[in-house]
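**Student:** Just to be clear, the model below is a prediction. Sequence and coordinates:
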Amino acid sequence: MNATLRDNNIVQAWLVLLLAVCFGGMLAGVQLALGPKIELNKVNETREKVPELVLGAQAAQAGAPLAVEPLTVSVEKPAKTVRYSVYEAKKDGALAGWVVKTAGQGYADRIEVLIGLAPDAGSLTGLFVLDQKETPGLGNKIVTDEWRGQFVGKAVDRPLAAVKGGAKGGSEIDAITGATISSHAVTSIINTAVADLRQPLAEKARGN
Amino acid sequence: MADQPTAMERFIQGILPENPTYRQLLGLCPTLAVTNGLNQALTMAGAVLFVLFCANVMISLIRDLLKPHLRIVIFTLVIAAFVTVADRFLAAYLYQMSKTLGPYIPLIIVNCIIICRCEVCASKQGVVAAGADAIGQSLGFGLGLSSIAAVREILGTGALFGIKVLPAVWPDWVIMVLPPGAFLTFGILLGAVNWYSARPSKATRTN
């Protein structure tokens, strides 16, 4: 081997490259094997959360069980079609509300949330964070009951806004101190999903 | 490699004489963060055992191929791969626990204990010594985590493994399960360990 070839960065890093390829294959295998199981865990958790998100925590414990029907709602956007997975909750045959599963970029990684909507899709009835990797102690406060509780009962005719230093009611949400980006991320995830789905869900509700 | 400790020595050193938590003060981020309950602490210790064992064995097998200036890249690559496996596995089979531990499982990638053992032991010694070292160090880490978690859980909630052990009159010291409790408990236990290990050395001197 001559000196130029030996000093070549790629040749020196052959082990790094080889390992990266092997591990990439290994992780792909793990994902193939475990991915469906993880998805199933999330779906089960989603179904468990539907009553709380639609009726509120207390009513969910006391009230009659809801019939939950999963469906997919496609929304045509200028560039692409977006598919949402929506759970339709019925109590005694009457529509009790909707739960929308959606996700968006947070500060650290994707944030996956469940949004509870009233039957007419005009107000929020609950919020639950399915998956997040926000900064521990700051951004991960988005999962606390206290912070999520702010969203309950908010009308969605105007986009929600996360504000610093105390929300003044209306469409304002108190941003978490030290985690403004995470707070903004959650409100914008909700705003996007609600903007897309308000019309279709309200129409479906009337159709019922 | 006559000057390197044997597999048995590596194993024993990791548990108490070179305990990662109380002697090397490594991996303190999970030590403080996930010790508000024994279940979380033991799951974290189990995940570290898996990652450290796999990484140590793997690095030991390829130790003759490592180039000095690229070794850290390879350590990180190997560790990251096994941490991802552990993370996915927890999400599949211990879903609620994986949500409780949240980002602390992916954060094992930057846990100093593992990169330290790769550097100190696995990149210099054979597979048996590296494996024994990984198990010893992980047991030491588990011991450190569970000692802190036991104190915090019992004082903070009156329970161990989520099961009530103290009578209901116990006023739960909520601060113990909150972040300050981690610092208080760790500080006091570390002081106690230092005090205890300083004693025999005085005794040997007077004899």
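**Tutor:** Looks like it arrived, so ask away.
**Student:** mind checking which helix or strand the spatially most central residue of chain B is in?
**Tutor:** For chain B, the residue whose C-alpha lies nearest the mean C-alpha position (C-alpha atoms, centre = their mean) is B:Phe141; its distance is 2.7 Å. Per DSSP states H and E, B:Phe141 falls inside helix B:127-157.
**Student:** List the buried residues of stretch B:54-69.
**Tutor:** Residues of stretch B:54-69 classed as buried: B:Cys54, B:Ala55, B:Asn56, B:Val57, B:Met58, B:Ile59, B:Ser60, B:Arg63, B:Leu66 (neighbour count, 16 or more other C-beta atoms under 10 Å in any protein chain shown). Bear in mind the C-beta positions are built from the backbone N, C-alpha and C, glycine included.
**Student:** and of those residues, the nearest to A:Val50?
**Tutor:** B:Cys54 (39.1 Å; C-beta to C-beta).
**Student:** any idea how far A:Thr46 is from that closest one?
**Tutor:** According to C-beta to C-beta, to the nearest Å, B:Cys54 stands 33 Å off from A:Thr46.
**Student:** now the strands: where do they sit in chain B?
**Tutor:** For chain B, the strands defined by DSSP state E cover B:159-160, B:163-164.
**Student:** Now tabulate those strands in a markdown table and tack on mean pLDDT.
**Tutor:** Formatted as a markdown table, those follow (pLDDT from 0 to 100):
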| stretch | mean pLDDT |
| --- | --- |
| strand B:159-160 | 84 |
| strand B:163-164 | 81 |
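**Student:** looking at the ones you listed, which is buried most?
**Tutor:** Of all the strands of chain B, strand B:159-160 carries the top mean neighbour count, a mean of 16, counting by mean count of other C-beta atoms under 10 Å in any protein chain shown.
**Student:** Now find how far off-centre that one is within its chain.
**Tutor:** Offset of strand B:159-160 from its chain centre (C-alpha atoms, centre = their mean, to the nearest Å): 21 Å.
**Student:** how distant is stretch B:107-121 from the center of its chain?
**Tutor:** That offset, for stretch B:107-121, works out to 10 Å (C-alpha atoms, centre = their mean).
**Student:** can you tell if it touches chain A?
**Tutor:** No. Shown here: stretch B:107-121 not in contact with chain A (C-beta under 8 Å from any C-beta of the partner chain), separated by at least 8.6 Å.
**Student:** So what touches that stretch?
**Tutor:** Residues outside stretch B:107-121 that contact it (C-beta atoms under 8 Å, 6 or more residues apart in numbering or on different chains): B:10, B:20, B:24, B:26-27, B:29-30, B:47-48, B:51-52, B:55-56, B:59-60, B:71-72, B:75-76, B:78-80, B:83, B:86, B:129-130, B:133-134, B:137, B:141.
**Student:** Of these, which qualify as buried by neighbour count?
**Tutor:** B:10, B:20, B:24, B:26-27, B:30, B:47-48, B:51-52, B:55-56, B:59-60, B:71, B:75-76, B:78-80, B:83, B:86, B:129-130, B:133-134, B:137, B:141.
**Student:** before we move on, the earlier item: using JSON lines, please lay out the strands of chain B together with distance to A:Leu160.
**Tutor:** Below are the strands of chain B laid out as JSON lines (distance: least, C-beta to C-beta, whole Å):
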{"stretch": "strand B:159-160", "distance to A:Leu160": "39"}
{"stretch": "strand B:163-164", "distance to A:Leu160": "41"}
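**Student:** out of those strands, nearest to chain A?
**Tutor:** Ranking these by proximity to chain A (C-beta to the nearest C-beta) places strand B:159-160 first, at 21.2 Å.
**Student:** Packing partners of the closest one?
**Tutor:** Packing contacts for strand B:159-160, counted by 3 or more C-beta pairs under 8 Å, 6 or more residues apart in numbering or on different chains; DSSP states H and E, involve helix B:127-157.
**Student:** What residues does chain B have near chain A?
**Tutor:** Chain B has residues B:33, B:62, B:65-67, B:70, B:73-74, B:77-78, B:80-81, B:84-85, B:88-89, B:91-93, B:95, B:99, B:102-104, B:106, B:179 near chain A, with proximity defined as C-beta under 8 Å from any C-beta.
**Student:** a markdown table please, covering the buried residues of stretch B:54-69 and showing distance to A:Leu127 and pLDDT.
**Tutor:** Shown next, in a markdown table, are the buried residues of stretch B:54-69 (distance: C-beta to C-beta, whole Å; pLDDT from 0 to 100):
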| residue | distance to A:Leu127 | pLDDT |
| --- | --- | --- |
| B:Cys54 | 38 | 94 |
| B:Ala55 | 39 | 94 |
| B:Asn56 | 43 | 93 |
| B:Val57 | 44 | 94 |
| B:Met58 | 42 | 92 |
| B:Ile59 | 44 | 92 |
| B:Ser60 | 48 | 92 |
| B:Arg63 | 50 | 89 |
| B:Leu66 | 49 | 85 |
